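Student: Pasted the sequence and its predicted model underneath.
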Amino acid sequence: WEGTPEENLLIMRTAARYFGASSVGAIKITDNVKKIFYTKAQPFILGPWYTLRNMAEYIEYPVPVDNYATPIVFEDVPADQGHYSYKRFGGDDKIVVPNALENIFTYTIMLPEKRFKYAHSVPMDPCSCIAYPLFTEAEARIQHFIAGLGYNSMGGGVEAWGPGGAFGNLSGLGEQSRVSGIIEPRYGSNTKGSL
């Protein structure tokens, strides 16, 4: 597939909405945008109780999970050779993002409206928590769609590469807020974002 940037965004917006996204945006990766990326990937933490109860040892994961920050570096490698390299697998313990990648694709998932009507505290807010498995499904489908078009994408997830609200703001999805990572004109704070 080859098209103009506008056509590419239109086809990605259509596909992402079909896969469950509510709002879609994109930004060019420039030197200023690279400053927003985390210098190290955030370690996997189950929650605030992780260090207190050390619950990770009781859960079996399909792949080993690292619980330390891994450096994110931009390198001059072909666009299809971005990779995750961990010491435990004989790698050099870094996440390589190719400088050849040009765009960041951002999207949000709309949450059920009942989130604000009945939840009186964070533990009582299952509507907010449902966004994370929905992101996993939508991202996998979007990744397969991009690969089917003949392109490469590193994937991401919620705040995998940097503060999600920052990328959402730059791509025009909404504005920074205190209530949520981003507030959108159409859905308010009733969404969660990813890139």
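Tutor: Looks like it came in fine. Everything numeric in this text was worked out from a predicted model, so none of it was measured.
Student: what does the longest strand anywhere in the chain contact?
Tutor: Longest strand in the chain by number of residues (criterion: DSSP state E): strand 103-110. Residues outside strand 103-110 that contact it (CB atoms under 8 Å, 6 or more residues apart in numbering) are 12, 16, 20-29, 33, 131, 134-135, 138, 142, 153, 161, 167-168, 171, 173, 182, 184, 187, 190-195. For the C-beta atoms, the positions are set from N, CA and C on the backbone; glycine is no exception.
Student: Tell me how far Val77 lies from Ala100.
Tutor: For Val77, the distance to Ala100 (CB to CB, to the nearest Å) stands at 7 Å.
Student: now Glu2
Tutor: The span separating Glu2 from Ala100 equals 16 Å under the rule CB to CB.
Student: now do Gly3
Tutor: Taking CB to CB, one finds Gly3 at 19 Å from Ala100.
Student: hey, C-alpha coordinates of the longest strand of the chain in PDB?
Tutor: Presented in PDB, the C-alpha positions along strand 103-110 are these (Å, rounded to 0.1, in the frame of the first residue of the first chain):
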ATOM      1  CA  ASN A 103       5.200   8.600  12.600                       C
ATOM      2  CA  ILE A 104       3.500   7.900  15.900                       C
ATOM      3  CA  PHE A 105      -0.100   6.600  15.600                       C
ATOM      4  CA  THR A 106      -2.200   7.500  18.700                       C
ATOM      5  CA  TYR A 107      -5.700   6.300  19.600                       C
ATOM      6  CA  THR A 108      -8.100   6.200  22.500                       C
ATOM      7  CA  ILE A 109     -10.600   3.600  23.700                       C
ATOM      8  CA  MET A 110     -14.000   5.000  24.900                       C
END
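Student: Buried residues in it, which are they?
Tutor: Going by neighbour count (16 or more other CB atoms under 10 Å), the buried part of strand 103-110 is Asn103, Ile104, Phe105, Thr106, Tyr107, Thr108, Ile109, Met110.
Student: Could you save the residues you listed as TSV and add columns showing distance to Ile72?
Tutor: Listed next are those as TSV, based on distance: CB to CB, whole Å:
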residue	distance to Ile72
Asn103	17
Ile104	13
Phe105	17
Thr106	17
Tyr107	21
Thr108	23
Ile109	24
Met110	29
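Student: how distant is whatever helix or strand Gly168 lives in from the center of its chain?
Tutor: For Gly168, the host element (DSSP states H and E) is helix 164-170. Distance of helix 164-170 from its chain centroid, counting by CA atoms, centre = their mean, to the nearest Å, is 11 Å.
Student: Name the surrounding residues that touch that helix.
Tutor: For helix 164-170, contacts defined as CB under 8 Å, 6+ apart pick out 25, 27, 33, 36, 104, 106, 108, 158, 161, 174-177, 181-182, 193-195.
Student: and those, which are buried?
Tutor: 25, 27, 33, 36, 104, 106, 108, 158, 161, 174, 181-182, 193-195.
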